[in-house]
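Chemist: Just the structure for this:
(chains A, B, C and D)
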2 protein chains.
Amino acid sequence: MFAWDDIAVFLALYRERTTGRAATALGCSQPTVVRRIAALEQALGLILFDRTPTGLVPTDAAHRLLARAERVERAACEFTAEVDQLTGSGLDILKLTFIDHFERLLLPVLREFRTRWPGVQTQLLASDRIYDLARGEADIGIRGRLRPAGDEVVVRQLPPNGWTIYASSSSKPDEHPHSPAEVADYRLALIEGAPSKLPVYQWLERLAANGPTPIRCTNYGALRSAIASGAAVSALPCSAGDGDPDVVPCFPPIEEFDVEIFLVARRAILRRPPARDLFDTIENYFRTNPALLTGERG
Amino acid sequence: MFAWDDIAVFLALYRERTTGRAATALGCSQPTVVRRIAALEQALGLILFDRTPTGLVPTDAAHRLLARAERVERAACEFTAEVDQLTGSGLDILKLTFIDHFERLLLPVLREFRTRWPGVQTQLLASDRIYDLARGEADIGIRGRLRPAGDEVVVRQLPPNGWTIYASSSSKPDEHPHSPAEVADYRLALIEGAPSKLPVYQWLERLAANGPTPIRCTNYGALRSAIASGAAVSALPCSAGDGDPDVVPCFPPIEEFDVEIFLVARRAILRRPPARDLFDTIENYFRTNPALLTGERG
DNA sequence: AAGGGGGTATTCAAATGTGAATAGCTCGTT
DNA sequence: AACGAGCTATTCACATTTGAATACCCCCTT
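Modeler: The predicted structure follows:
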């Protein structure tokens, strides 16, 4: 059996990509990170990172495990959130809830926020459940598709989340499509579950019906792996794909597949300066860097 | 920040009720359990257990935290399940998925199973997601309400899960109802989310509309606390309430609120003797102790 | 009243995990 | 070719955590 704590090491390493940065993120020393990740790999019987002179790069196994690891982290965050409700010490804690991969997109913002307000703790809650901001289950969040309603919440529309087709960054120019019309000629990866209802994946489903047998994935992590490995091409949100060194966009985002995104906060919480600051910072961050969401357009 | 590992200590202690048994369950020594739980309480700023000469009894806070802690545990189990899929070493692992509190109900069975088949590992997967047995995401499970279908799975109907109204075990006879007709006269606790669709809670919703303002809970743990504390009465499945020292049934289960329960296994997995054994043992366990599910009926 | 069995908490030597310093590696630059 | 920046891995003295033994406490039985 492995130590659950080591999952935190895995996540920090996955996000920071070097043992040194992961160590500061975890609040321990660099040798400790080396040992703990080695111990985890040993316990799991699995290589999670390839060691390179520029840092650690996650193996395929690591990509497939990411979603599960994040679930553990979120469950732990919810545990502490509940603790804080019980102790009533929630006064200086901000509960955040973002759609899936946005957590990573906002890492620099959150890091800077934590240094600016060292006394304020931030907690990331699970996003697969719909946290009801009006009831105080979360303070600030980013929601997709449906505009949140109600007097209790303040809503700001962000630049739309663009989507396009991605291929492995190691693929040659002729191994991936260069326009939507060419997509049908390549092996596709499809996603199952809730995301499969997005227009872009429904489009891919229709294309796949007449093309080579598609690869079916149960979550974004697996989908990403399928693309990164070069086994297939598929759609990803630009907010996830554009920052990912292992995949490249095949062409600019397809506007009709844009998904609306909203920054939401409890009205009450915004009276507290740190919350107001974070809210404004996030809004500003995406307004000044819209390409993070929309992708690079012509 | 606390150590995620200590959540495992909390869970073991919650289930075993003594530091000694928790220690053997965790595979560490009794002093370690004492220190780790003390450290956790210190870190959280919360008393989780009252120390008595007969063992540790969970405080109200512990009851409210149980569900969150179990989520962490399940997420961790899913993590290892994924690891085992990746390493292909899943040969001697049985993946189980039960509806919520059944995990605790089956503890004695699982413990005995583990001693009878020491080489076989058991993993409990999250039950809030529907694990598809046919696809091999889980091997053996207990499902409610809908009879699972398909050629890939073997299904056995278990005795129905009975439901009745429970009150605090410290309440006096005149502080709780003695028949369904009297229920409307007491303060009720109601549950939100998926369980609220069960007939028994819909009945309570209707009763509450004309009675004192009800207490609303978001999960079974909170509901149980509300009842145990004496703040309200409400419905619980007999499989959960009858084994709970802090609550007492007010009258025999109401038959019309019975919920059908099915034991399910992948057909393929039953060819392996340990799986077959566990399957038969669980079925037999509930057939010889139907009251565990149905409750004590006049 | 004495004794025994169940529990929690404490002690102390031994095992384990930790961090500062550093070795050793691969790059791009001079 | 030498250098320095940036990284992973190792070393070793030190701090922390662990477990066997045991103290201690409560309660039931004799």
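Chemist: what about the residue of the stretch 151-298 of chain A found nearest DNA strand C, how many neighbours?
Modeler: In the stretch 151-298 of chain A, no residue comes nearer to DNA strand C than residue A:245, which is 14.8 Å away by Cβ to the nearest atom of the strand. For the C-beta atoms, the positions are set from N, CA and C on the backbone; glycine is no exception. Residues within reach of residue A:245, counting by other Cβ atoms under 10 Å in any protein chain shown, total 9.
Chemist: Using the three-state scheme, assign it.
Modeler: Secondary structure, DSSP: H, G, I helix; E, B strand; the rest coil: residue A:245 is coil.
Chemist: residues near the closest residue to it other than its chain neighbours, how many?
Modeler: Leaving out its chain neighbours, the residue that sits closest to residue A:245 by Cβ to Cβ, 6 or more residues apart in numbering or on different chains is residue A:169, at 6.5 Å. By other Cβ under 10 Å, the residues close to residue A:169 number 13.
Chemist: Tell me if I'm right that residue A:169 and residue A:250 touch.
Modeler: No: checked against Cβ atoms under 8 Å, the pair residue A:169 and residue A:250 is beyond contact range at 11.2 Å.
Chemist: On the secondary structure side, give me the element for residue A:167.
Modeler: Remark: residue A:167 resides in strand A:163-168, with elements defined by DSSP states H and E.
Chemist: Which elements pack onto that strand?
Modeler: If contacts are counted by 3 or more Cβ pairs under 8 Å, 6 or more residues apart in numbering or on different chains; DSSP states H and E, strand A:163-168 sits against helix A:220-228, strand A:234-237, helix A:238-241, strand A:247-249.
Chemist: who wins for proximity to residue B:94 among these?
Modeler: helix A:220-228 (23.7 Å; Cβ to Cβ).
Chemist: that older thread, ok, which of the helices and strands packed on strand A:163-168 comes nearest residue B:60?
Modeler: helix A:220-228 (38.0 Å).
Chemist: So which residues make contact with that closest one?
Modeler: With contacts defined as Cβ atoms under 8 Å, 6 or more residues apart in numbering or on different chains, helix A:220-228 is touched by A:60, A:63-67, A:100-101, A:166-169, A:189, A:191, A:195, A:215, A:217, A:232-234, A:236, A:240, A:244, A:246-247.
Chemist: Next, the angle strand A:163-168 makes with it.
Modeler: 60 degrees (axes from the mean of the first three to the mean of the last three Cα atoms, to 10 degrees).
Chemist: Going along the chain, name the strands of chain A.
Modeler: A:49-52, A:55-58, A:93-98, A:121-124, A:140-144, A:153-161, A:163-168, A:189-191, A:215-217, A:234-237, A:247-249, A:259-266 (DSSP state E).
Chemist: quick one: low-confidence parts of chain A?
Modeler: Chain A contains residues with pLDDT under 70 at A:89-91, A:126-130, A:146, A:148.
Chemist: What sits closest to the spatially most central residue of it if chain neighbours are left out?
Modeler: For chain A, the residue sitting closest to the mean C-alpha position, by Cα atoms, centre = their mean, is residue A:101 at 1.2 Å. For residue A:101, ignoring the flanking residues on the chain, the nearest one in space by Cβ to Cβ, 6+ apart is residue A:240 at 4.4 Å.
Chemist: Identify the residues contacting residue A:48.
Modeler: By Cβ under 8 Å, 6+ apart, the neighbours of residue A:48 are A:10, A:13, A:37, A:40-41, A:58-59, A:61-62, A:65.
Chemist: Reformat these into JSON lines and put distance to DNA strand C and neighbour count next to each item.
Modeler: Formatted as JSON lines, the contacts of residue A:48 follow (distance: Cβ to the nearest atom of the strand, whole Å; neighbours: other Cβ atoms under 10 Å in any protein chain shown):
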{"residue": "A:10", "distance to DNA strand C": "14", "neighbour count": "26"}
{"residue": "A:13", "distance to DNA strand C": "14", "neighbour count": "27"}
{"residue": "A:37", "distance to DNA strand C": "11", "neighbour count": "20"}
{"residue": "A:40", "distance to DNA strand C": "11", "neighbour count": "19"}
{"residue": "A:41", "distance to DNA strand C": "14", "neighbour count": "19"}
{"residue": "A:58", "distance to DNA strand C": "19", "neighbour count": "21"}
{"residue": "A:59", "distance to DNA strand C": "19", "neighbour count": "17"}
{"residue": "A:61", "distance to DNA strand C": "23", "neighbour count": "19"}
{"residue": "A:62", "distance to DNA strand C": "20", "neighbour count": "23"}
{"residue": "A:65", "distance to DNA strand C": "21", "neighbour count": "25"}
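Chemist: now, which of the residues you listed lie within helices?
Modeler: Taking DSSP state H as the definition of helices, the contacts of residue A:48 contribute A:10, A:13, A:37, A:40-41, A:61-62, A:65.
Chemist: is it possible to export those residues to JSON lines including distance to residue B:157?
Modeler: Output for those, formatted as JSON lines (distance: Cβ to Cβ, whole Å):
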{"residue": "A:10", "distance to residue B:157": "42"}
{"residue": "A:13", "distance to residue B:157": "48"}
{"residue": "A:37", "distance to residue B:157": "47"}
{"residue": "A:40", "distance to residue B:157": "42"}
{"residue": "A:41", "distance to residue B:157": "44"}
{"residue": "A:61", "distance to residue B:157": "40"}
{"residue": "A:62", "distance to residue B:157": "43"}
{"residue": "A:65", "distance to residue B:157": "37"}
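Chemist: Close to chain B as well: tell me which of these qualify.
Modeler: A:61, A:65 (Cβ under 8 Å from any Cβ of the partner chain).
Chemist: Spell out which residues of chain A are next to DNA strand C.
Modeler: A:28-32, A:35-36, A:53 (Cβ under 7 Å from any atom of the strand).
Chemist: need the helices for the stretch 1-150 of chain A, in chain order.
Modeler: Using DSSP state H, counting those that start in this stretch, the helices of the stretch 1-150 of chain A run over residues A:5-16, A:19-26, A:30-44, A:60-87, A:102-105, A:107-116.
Chemist: Redo these as TSV? Include distance to residue B:178.
Modeler: Shown next, in TSV, are the helices of the stretch 1-150 of chain A (distance: least, Cβ to Cβ, whole Å):
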stretch	distance to residue B:178
helix A:5-16	50
helix A:19-26	57
helix A:30-44	55
helix A:60-87	34
helix A:102-105	52
helix A:107-116	55
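Chemist: most distant residue from the middle of chain A?
Modeler: residue A:210 (31.5 Å).
Chemist: Let me see the contact set for that one.
Modeler: residue A:184.
Chemist: sorry, back to before: just the buried residues of the contacts of helix A:220-228.
Modeler: A:60, A:63-67, A:100-101, A:166-168, A:189, A:191, A:195, A:215, A:217, A:232-234, A:236, A:240, A:244, A:246-247 (16 or more other Cβ atoms under 10 Å in any protein chain shown).
Chemist: Comparing the strands of chain A, which comes out most buried?
Modeler: Ranked by mean neighbour count, the strands of chain A are led by strand A:234-237 with a mean of 27 (mean count of other Cβ atoms under 10 Å in any protein chain shown).
Chemist: what's next to it, contact-wise?
Modeler: A:101, A:161-166, A:188-191, A:200-201, A:204, A:220, A:223-224, A:226-227, A:244, A:247, A:257, A:259.
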